[in-house]
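Kindly generate the corresponding structure for this input.
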Amino acid sequence: MKSVELRRLAHSVGRTLRKAGEPLDALALFGRLFKENPRALGLLQNPAIPLDQRDAALKSALDAAGAPPTSRAVLEGLARTFTLAVLPDLLALLETQALRRRGVLPLRVEVASEPAEAERAAIGRYLKGLLNQDLRLDFAVRPSLLGGFVARSESYFVDASLEGRVRAITSLEESCP
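Below is the predicted model:
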């Protein structure tokens, strides 16, 4: 599924869940289940298994989880169109939409090594001052940065890494006659 289609689907699903007053809990539960047990996802996506058996297995799982009606409809629709595999990406987009509605900007922060709590707090303060918004930071380790960090969202990109500085210096040297 293309990213544009996925964003449209997330917008539609998010609007539907909000109208129904349902949280993302049921979808998140199944997202974690499929991430932890990819075999379950594979069985529900397998066209060689008859549709009625796949539907019965999903219905049983939805009943056991106590999934609310709108979340149930979303999951059943994804299963019937063989797109259950997009559930983790769909959930990430829905969570981003929910954060933005509350005025919170989600940022992915890549650092050279696992930061201590004090470093996380310092990076958070720096970015909050720079962007002047409430933030939710998701940290990831990328050793190639050498030091510093890179923060990105759909709208912002902040490069405070040694790798970025080296790249900038190198590009200046290449452009000099």
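
which residues of the chain fall in helices?
3-20, 25-36, 38-45, 51-65, 69-80, 87-101, 117-131, 162-175 (DSSP state H).

Compile those into JSON lines and extend it with columns for mean pLDDT, mean neighbour count and distance to Val111.
To be clear about C-beta, it is placed using only N, CA and C from the backbone, and glycine gets the same treatment. Below are the helices of the chain laid out as JSON lines (pLDDT from 0 to 100; neighbours: other CB atoms under 10 Å; distance: least, CB to CB, whole Å):
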{"stretch": "helix 3-20", "mean pLDDT": "89", "mean neighbour count": "14", "distance to Val111": "25"}
{"stretch": "helix 25-36", "mean pLDDT": "84", "mean neighbour count": "17", "distance to Val111": "23"}
{"stretch": "helix 38-45", "mean pLDDT": "85", "mean neighbour count": "15", "distance to Val111": "28"}
{"stretch": "helix 51-65", "mean pLDDT": "88", "mean neighbour count": "14", "distance to Val111": "36"}
{"stretch": "helix 69-80", "mean pLDDT": "89", "mean neighbour count": "18", "distance to Val111": "34"}
{"stretch": "helix 87-101", "mean pLDDT": "83", "mean neighbour count": "18", "distance to Val111": "20"}
{"stretch": "helix 117-131", "mean pLDDT": "93", "mean neighbour count": "14", "distance to Val111": "8"}
{"stretch": "helix 162-175", "mean pLDDT": "79", "mean neighbour count": "11", "distance to Val111": "11"}
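
Make TSV from those and add distance to Pro143 to it.
Formatted as TSV, these follow (distance: least, CB to CB, whole Å):
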stretch	distance to Pro143
helix 3-20	27
helix 25-36	24
helix 38-45	27
helix 51-65	39
helix 69-80	36
helix 87-101	24
helix 117-131	16
helix 162-175	10
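
Quick one, which of these gets closest to Val150.
For these, the distance to Val150 is smallest for helix 162-175, at 6.9 Å, taking CB to CB.

Looking at the helices of the chain, spot the one closest to Val141.
Closest to Val141 of the helices of the chain, according to CB to CB: helix 117-131, at 12.2 Å.

Check the offset of that closest one from the chain's centre.
21 Å (CA atoms, centre = their mean, to the nearest Å).

who does it touch, helix- and strand-wise?
strand 104-111, strand 134-141, strand 148-152, strand 157-161 (3 or more CB pairs under 8 Å, 6 or more residues apart in numbering; DSSP states H and E).

Mind putting the ones you listed into CSV with mean pLDDT, mean neighbour count and distance to Leu24?
Shown next, in CSV, are these (pLDDT from 0 to 100; neighbours: other CB under 10 Å; distance: least, CB to CB, whole Å):
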stretch, mean pLDDT, mean neighbour count, distance to Leu24
strand 104-111, 91, 19, 14
strand 134-141, 92, 14, 15
strand 148-152, 93, 19, 23
strand 157-161, 92, 16, 27
